[in-house]
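J.: Any chance you can model this:
(8 chains)
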Amino acid sequence: MEDIFKLGGRDFTSRLIIGTGKYRSYEEMKAAHRASGAEMVTVAVNRVPLDRKAESFLDHLLPDMQILPNTAGCYDADHAVRTARLAREALETDWIKLEVIGDKVTLLPDNEQTLEAARVLVKEGFIVLPYFSDDLIMARKLLDIGCAAVMPLAAPIGSGLGVQNPANLRIMREQLPDATIIVDAGVGVPSDAAIAMELCADAILMNTAIAEAGDAALMATAMKKAVAAGRMVFMAGRRPTRLYASASSPIEGAIK
Amino acid sequence: MEDIFKLGGRDFTSRLIIGTGKYRSYEEMKAAHRASGAEMVTVAVNRVPLDRKAESFLDHLLPDMQILPNTAGCYDADHAVRTARLAREALETDWIKLEVIGDKVTLLPDNEQTLEAARVLVKEGFIVLPYFSDDLIMARKLLDIGCAAVMPLAAPIGSGLGVQNPANLRIMREQLPDATIIVDAGVGVPSDAAIAMELCADAILMNTAIAEAGDAALMATAMKKAVAAGRMVFMAGRRPTRLYASASSPIEGAIK
Amino acid sequence: MEDIFKLGGRDFTSRLIIGTGKYRSYEEMKAAHRASGAEMVTVAVNRVPLDRKAESFLDHLLPDMQILPNTAGCYDADHAVRTARLAREALETDWIKLEVIGDKVTLLPDNEQTLEAARVLVKEGFIVLPYFSDDLIMARKLLDIGCAAVMPLAAPIGSGLGVQNPANLRIMREQLPDATIIVDAGVGVPSDAAIAMELCADAILMNTAIAEAGDAALMATAMKKAVAAGRMVFMAGRRPTRLYASASSPIEGAIK
Amino acid sequence: MEDIFKLGGRDFTSRLIIGTGKYRSYEEMKAAHRASGAEMVTVAVNRVPLDRKAESFLDHLLPDMQILPNTAGCYDADHAVRTARLAREALETDWIKLEVIGDKVTLLPDNEQTLEAARVLVKEGFIVLPYFSDDLIMARKLLDIGCAAVMPLAAPIGSGLGVQNPANLRIMREQLPDATIIVDAGVGVPSDAAIAMELCADAILMNTAIAEAGDAALMATAMKKAVAAGRMVFMAGRRPTRLYASASSPIEGAIK
Amino acid sequence: MKLILNGESVDVKEQCSLTELLELVALPSDRIAIELNKCVVRKRSWEETTLKDGDRIEVVHFVGGG
Amino acid sequence: MKLILNGESVDVKEQCSLTELLELVALPSDRIAIELNKCVVRKRSWEETTLKDGDRIEVVHFVGGG
Amino acid sequence: MKLILNGESVDVKEQCSLTELLELVALPSDRIAIELNKCVVRKRSWEETTLKDGDRIEVVHFVGGG
Amino acid sequence: MKLILNGESVDVKEQCSLTELLELVALPSDRIAIELNKCVVRKRSWEETTLKDGDRIEVVHFVGGG
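T.: The predicted structure follows:
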């Protein structure tokens, strides 16, 4: 069955977006990217080091990958906006993963600054994908000002704890039925990804769980399968749970 | 990578075992079986109805499927043993899913009677796969008397609640590193299956979650992917979780 | 042992703050308030009805109760500020539970508007206790501008789901060791209250769980005990959990 | 309100039964026992050491405490029965906490051997309180043969993990409405005790959580409160939870 | 002249003061607060506060809440 | 004579064999199994197995199960 | 003669009674219980119970437990 | 004159253009972006952009991130 994921005017077939950080080698990263089936990867914008020869990181990305630059490392709207503009200039892309964090220790998002930056960037024609905490009211504001999607966190970046507040995600989905919701950050294992998709997220963005797995490519395959599996529940329709048993085999008709 | 699942002297490539009950039609069942990639299906032993023409159920199973008859509907060791013998006679198979339940309402296993029946059946050369509650000590006894695997429940049959006691499964895996552990009953969605496999189950047996899904074949595909994904975590090696963040993008080097 | 809860320049001995809404009768409310041991109650500010004689609600509160008016029903900073000023004028109190919600369905807080209102109210000398979502970064901002405490929700108002995101509370506590954290909204049963206190909340504010219990006064007693019990864990120091057993009785020395 | 806990023909007012192991000193144990309000304590039966002067442990128990000897350290029915007989001879009590474990590492119960021992001890007139895994079918058998109560574990002895399988406890309570269910082992903090009681356990038996707390007496007080609080939910009647909010303050009537 | 009192339109005579308004609509004067065109009017000023046509008045009291 | 077949009482002529019984009640003989007084009777012995009054027979086949 | 007391071998004179054994090894006689070859010996019978070579005796008391 | 390039002070001759600056510090000119005093300078303008003493320049490229 055809199941297109529409985002920023583009059609994707994969609902897994993955990062490019923390890999042990470019080879491992490339293998993981290939295995993941992802069509979009995030990259960070960083000062060119003056002291040493900067090797060109972008050459190690698979061709045809949609590049999604992020504003990681920014602590206020102004820096995030400037970083987004630089990214656009260098890559000639309007896509931006907007990330404004509150502190170095938790990397938790500063929703207020994120909203402020989003207002500016949307006006400037960016396709804004904001990372933020799983807050329905903030999600609505981000969508109202024109963000292409909202990207609530599942858990702190790199924690691998999985969806910490399923109720928030469920409420967000039910209250924003037409929104594109991408769960970003905190996924640790495939079941976490499946749970997020079963809660009707439209896609998932992850980095650490794959990059720091013992075998990154194998974990990427696992995540690809889990995301697809979770998505299928949305399409197939799950049966409700019950506390009590429901026999699979006939209760009557056994020998006496 | 080659990942063989050895059970009862046979090599399987699929770690998903599925049931044949509750499907709305044979076509739907066949489609789901095909989609699941399963190589073994469970069937129930039942009295031939005298009043009407009994259609031959077995004709609707895919060829080459390993048939695993169960002793569903038995409330004591004696009935289970007799049922197993009848199944063996009719199908010329030594495989048996041993199921002795305690009552009609919960369908929870009677571990004590299950153990007693297992003792007899193992002596008679059956490949015994006992469904039982997630009890390490009982698991050890079942293995000591020669069961080919142990099949702890995740939750009540048909409840779809998923793994209710992860600690028990983890302990069982760690204490019985060489045992074949098949999680049987209670899986509701792909994430449940992934979780069970991430807890290092060797395989999963399910029926209701697939048979009663809105689209059984699609759910079967989802379960196939989830089981594979969970298995890969075991092979790929997950990174440990932490409460605090771990940056995916460089913390330093952002513009100032 | 003396365990004082300092808030807004006052010393409290009770760490349970309770509401006055939804009771079936004033008698039941009074009995519940008495049983709870609470020293502070929340009240709502509402238009005087023109059509009928307004009975004086405040007469039904126990004397010596610190009254904490709230700004429930406000959807933006401006209305919340005006409501707070009216409350201060009528009660001659500087205490205000600041509540700015995002919508009628979820009653989830609008953190951004809450922060804006808090800025104004703190400047005007109010003792501001803001209800907000469990967001560390927002908590820090609310404290930085001078709120007397932060009141993260456990779950949606009146849901009774209990602490939905323990990780967020734990992080908030660890990152804001000196802050006064009051868990507000979503507690359903005593164990929820105990969990919040074990996560080192300084106090808990609740209404529905008590007011809508079958026996409000008895539930109030239960909540009082649970809050105290959870608090004691913080003072007594809990032993860490482990997956494996640790014998309570000697392993050796049994008869052979 | 009067709330009597009837067990073994005795009336108790406390629903907390506590252990005597692992305390740092007799003084600390006595203080904890006093603080807990418990009316029954467990003790272990052990070989008298030949090498040294055995101090009389029993002298350190509060008078009027019902002493409940256990069969800890027994790995089969026979040893448990012999140990119970010795306890009865020495203490002239018919009370026995029956504990037959499967191994030294997990201390998980051997349900099968426990049942066998219980059969013998009930016939000999003991008041048998069996520790076993949270298995409904086994619970029914233990009650059918005449055990005074069943004592399912919450989690492994001394793990402090709390109730690992709430569904099992809920099912046990609903299916055995007249049974006396005492949750034994695995409670770590007051909220764990409250949860068990909210699941309608009749009482709770614990040792490690109190004995190994930083301040045993204070933790004992906390546990006493939590057990009472959880019990009150059963008596007060909790309101059901919901995913969505339910306003505590009027939605209408705010100023415009 | 016309006033908007708690969202409802009320007719009162010219030169009506806040105190008179309260009496007119038989509202309690105790433990309530009044806002005139979005600004609180302290109790001591109710007497001398004369209302103009179109004034928006909010009179609030307290009810059960959480 | 009377037999109990799958819990129901059936009348058959004396000297009836298992094979005849199956025909009589029009049961399929394929992929089924038969128990006579709680003991399985191998297929090859159905022919020569003559039933006695009061015999309890269970004839089972397979149905969907989990 | 040799006895096994709480798992350890002890030498005692012939005709030794349980009571004498307790004194010999200086065990308290209060709130303990004794098993002789897996059977409990009631306290009142300790005196008259004479031990034989190879007897297995368990003497237990109470300690802290959960 | 002195410039602040990526937070570090660099000495360059008067009238230095952005393009010259890149050559001077041997930076790649491909897939990078430049900000001069907090405003992006389009690539086509690097040549004609002459720097003044005290200018703050940020030159960024891309690295792995999530």
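J.: so how far is stretch A:222-234 off the chain centroid?
T.: Between the centre of stretch A:222-234 and the centre of its host chain there is 14 Å, according to CA atoms, centre = their mean, to the nearest Å.
J.: part of a helix, is residue E:59?
T.: No: following the definition DSSP: H, G, I helix; E, B strand; the rest coil, residue E:59 is strand and is not counted among the residues of a helix.
J.: Can you tell me the closest non-neighbouring residue to it?
T.: Distance criterion CB to CB, 6 or more residues apart in numbering or on different chains; nearest residue to residue E:59, sequence neighbours excluded, is residue C:48 at 4.7 Å. (Glycine included, C-beta is placed from N, CA and C.)
J.: Kindly report the same for residue A:191.
T.: With sequence-adjacent residues excluded and distances taken as CB to CB, 6+ apart, residue A:191 is closest to residue B:194, at 3.7 Å.
J.: and if you look at residue A:29?
T.: Spatial nearest neighbour of residue A:29, chain neighbours left out: residue A:23 (3.8 Å); criterion: CB to CB, 6+ apart.
J.: can you check residue A:61 too?
T.: Leaving aside its sequence neighbours, residue A:61 is closest to residue A:41 (6.1 Å, by CB to CB, 6+ apart).
J.: and the lowest-mean-pLDDT helix or strand in chain E with chain D, contact?
T.: Lowest on mean pLDDT, DSSP states H and E among the helices and strands of chain E sits helix E:18-24, with a mean of 89. No: Helix E:18-24 lies out of reach of chain D by CB under 8 Å from any CB of the partner chain, never closer than 15.9 Å.
J.: What helices and strands are in contact with that helix?
T.: Using 3 or more CB pairs under 8 Å, 6 or more residues apart in numbering or on different chains; DSSP states H and E as the contact criterion, the elements in contact with helix E:18-24 are strand E:56-64.
J.: Now do the longest strand along chain A against strand H:56-64, angle only.
T.: Ranked by residue count under DSSP state E, the longest strand found in chain A is strand A:40-47. Strand A:40-47 and strand H:56-64 are oriented at 150 degrees to each other (axes from the mean of the first three to the mean of the last three CA atoms, to 10 degrees).
J.: Name the secondary structure element that contains residue A:151.
T.: Under the criterion of DSSP states H and E, residue A:151 resides in strand A:151-152.
J.: For that strand, which outside residues touch it?
T.: With contact meaning CB atoms under 8 Å, 6 or more residues apart in numbering or on different chains, strand A:151-152 is reached by A:97, A:129-135, A:139, A:168-169, A:172, A:181-184, A:205.
J.: how about a cut-off of 7 Å?
T.: Under the contact criterion CB atoms under 7 Å, 6 or more residues apart in numbering or on different chains, strand A:151-152 has outside partners A:129-134, A:139, A:169, A:172, A:181-184, A:205.
J.: Which residues are in contact with the residue nearest to residue A:61?
T.: Residues touching residue A:41, when contacts are defined by CB under 7 Å, 6+ apart, comprise A:18, A:19, A:20, A:33, A:61, A:65, A:67, A:68.
J.: Next: residue A:15.
T.: Remark: with contacts taken as CB under 7 Å, 6+ apart, residue A:15 is in contact with A:5, A:202, A:203, A:204, A:227, A:231.
J.: So which of those sit within strands?
T.: Using DSSP E, the members of these that fall in strands are A:5, A:203, A:204.
J.: Which single residue in chain A comes nearest to chain F?
T.: In chain A, no residue comes nearer to chain F than residue A:248, which is 2.5 Å away by CB to the nearest CB.
J.: Just confirm residue A:67 is within a strand.
T.: Yes: using three-state DSSP, the assignment for residue A:67 is a strand.
J.: roughly how far apart are it and residue C:15?
T.: Separation of residue A:67 from residue C:15 (CB to CB, to the nearest Å): 52 Å.
J.: Look at the residue nearest to residue A:29 and tell me its secondary structure.
T.: When classified by three-state DSSP, residue A:23 comes out as coil.
J.: wait, doesn't it sit right on residue A:213?
T.: No: contact between residue A:23 and residue A:213 fails when scored by CB atoms under 7 Å: they sit 10.4 Å apart.
J.: Just want to know which of the two has more residues nearby.
T.: When neighbours are counted by other CB atoms under 10 Å in any protein chain shown, residue A:23 and residue A:213 differ, and residue A:213 comes out ahead with 24 against 21.
J.: quick check, the more buried one in a strand?
T.: No: if the criterion is three-state DSSP, then residue A:213 is coil and not within a strand.
J.: Could you report the neighbour count for the closest residue to it other than its chain neighbours?
T.: Residue nearest to residue A:213 in three dimensions, not counting chain neighbours: residue A:219, with 3.5 Å by CB to CB, 6+ apart. Neighbours of residue A:219 under the rule other CB under 10 Å: 29.
J.: Which secondary structure element is home to residue A:219?
T.: Under DSSP H and E, the secondary-structure element containing residue A:219 is helix A:216-236.
J.: Could you pull up the mean pLDDT of that helix?
T.: Over the span of helix A:216-236, the pLDDT mean works out to 95.
J.: What is it packed up against?
T.: Here helix A:216-236 touches strand A:16-18, helix A:26-36, helix A:190-198, helix A:208-211, helix B:190-198, helix B:216-236, going by 3 or more CB pairs under 7 Å, 6 or more residues apart in numbering or on different chains; DSSP states H and E.
J.: near chain F, which residues of chain E?
T.: With the criterion set to CB under 7 Å from any CB of the partner chain, chain E never comes near chain F.
J.: tally of neighbours for the closest residue to chain D within chain E?
T.: Taking CB to the nearest CB as the measure, chain E has residue E:66 as its residue closest to chain D, at 2.4 Å. Here the number of neighbours of residue E:66 (other CB under 10 Å) works out to 31.
J.: what sits against it?
T.: C:19, C:21, C:42, C:207, C:208, D:248, D:249.
J.: Most neighbours among those residues, which one is it?
T.: Scoring these on neighbours with other CB under 10 Å, the highest-scoring entry is residue C:19 at 32 neighbours.
J.: was I right about that one contacting residue C:42?
T.: Yes: counting by CB under 7 Å, residue C:19 sits close enough to residue C:42 to count as a contact (4.8 Å).
J.: which residues do the two both contact?
T.: Shared contacts of residue C:19 and residue C:42, defined by CB under 7 Å, 6+ apart, comprise E:65, E:66.
J.: So which residues on chain E come close to chain C?
T.: Remark: the part of chain E in contact with chain C comprises E:5-6, E:8, E:25, E:27-28, E:31-33, E:35, E:38, E:40, E:42, E:58-66, using CB under 7 Å from any CB.
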